[in-house]
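**Student:** I'd like to go over a predicted model; first the sequence, then the structure.
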Amino acid sequence: MKTRVAVLISGRGSNMQSLVHAAAAPDYPAEIALVLANKPLAKGLEFASQANIPTAIVDHTAYATREDFERALDEALHSHGIELVALAGFMRVLTPWFVDRWAGKLINIHPALLPKFKGLDTHQRALDAGETEHGCTVHWVSAGVDEGAIIAQAAVPVLPDDTADTLAARVLQAEHALYPRALADVCGKKSET
Ligand code: GRF
């Protein structure tokens, strides 16, 4: 049985696309059963609709409190029978309430080699720090932002003439390879238990 996965996005959704492509393989252990965005205009929603994947919008600006927003999110996930949530460029920090409810079922991709460069602007910060290596991490989501246990990482070199944009593009390519592998690992292990 394939794990029913929701991918949560806020924008372009290129990582979501890489997961959708991977999940098209008959032996892939996950099915992308929902693409959910917190922004009605998130670019990735168009791709998901064209790929015939159910989509949902839970617009955070429509809710008075973070808790109301997360309750709506939680309801949408349950109504689609979701078993695992993959954050992919989802730009809302989730509260401990939501993280606890989805403990062990919530993963994220972060564009840095955690524990280095938690938070935003990771590529510029890696350049400023004179790193020779940078990369991406798939990790379990815990209450602390970008702090959960690491599932998988991929490294790329930092080249002498890199800008934040060229480095981001190299890391993004690595993300597109890493996230489908990490999701398959997580879902494969889940189905063995
Ligand atoms: C990726 O770099 C991801 O690691 C970060 O936000 C970016 C999202 O890109 N969390 P996309 O929407 O998947 O194209």
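**Tutor:** Yep, that arrived.
**Student:** any regions of the chain where pLDDT drops low?
**Tutor:** For the chain, the stretches with pLDDT under 70 are 190-193.
**Student:** for the ligand, what is the nearest residue in it?
**Tutor:** Gly89 (2.6 Å; C-beta to the nearest ligand atom). Yep, even glycine has a C-beta here, placed from its N, CA and C like the rest.
**Student:** so is that residue in a helix, a strand, or just coil?
**Tutor:** For Gly89, the assignment made with DSSP: H, G, I helix; E, B strand; the rest coil gives coil.
**Student:** for it, the count of nearby residues, please.
**Tutor:** Gly89 has 21 neighbouring residues, counting by other C-beta atoms under 10 Å.
**Student:** didn't it look like it was pressed against Arg12?
**Tutor:** Yes: Gly89 lies in contact with Arg12 (C-beta atoms under 8 Å); the separation is 6.8 Å.
**Student:** name the residues contacting each of those two.
**Tutor:** Residues touching both Gly89 and Arg12 by C-beta atoms under 8 Å, 6 or more residues apart in numbering: Gly44.
**Student:** Ala6 pairs with what?
**Tutor:** When bridges are taken as DSSP bridges, the partners of Ala6 come out as Leu34, Val85.
**Student:** can you get me a residue count around it?
**Tutor:** 24.
**Student:** so which residues of the chain form helices?
**Tutor:** Applying DSSP state H to the chain gives helices spanning 14-23, 44-50, 66-79, 96-101, 122-128, 164-192.
**Student:** close to the ligand: what parts of this structure are there?
**Tutor:** With C-beta under 6 Å from any ligand atom as the criterion, the chain meets the ligand at residues 9, 11-15, 88-89, 109-111, 172, 175.
**Student:** before we move on, the earlier item: quick check: the gap between the residue of the chain closest to the ligand and Lys189.
**Tutor:** 25 Å (C-beta to C-beta, to the nearest Å).
**Student:** give me the distance from stretch 179-191 to the chain's centre.
**Tutor:** For stretch 179-191, the separation from the chain centroid amounts to 13 Å (computed by C-alpha atoms, centre = their mean, to the nearest Å).
**Student:** I should have written stretch 140-153 there, sorry.
**Tutor:** Mean C-alpha position of stretch 140-153 versus that of the full chain (C-alpha atoms, centre = their mean) differs by 11 Å.
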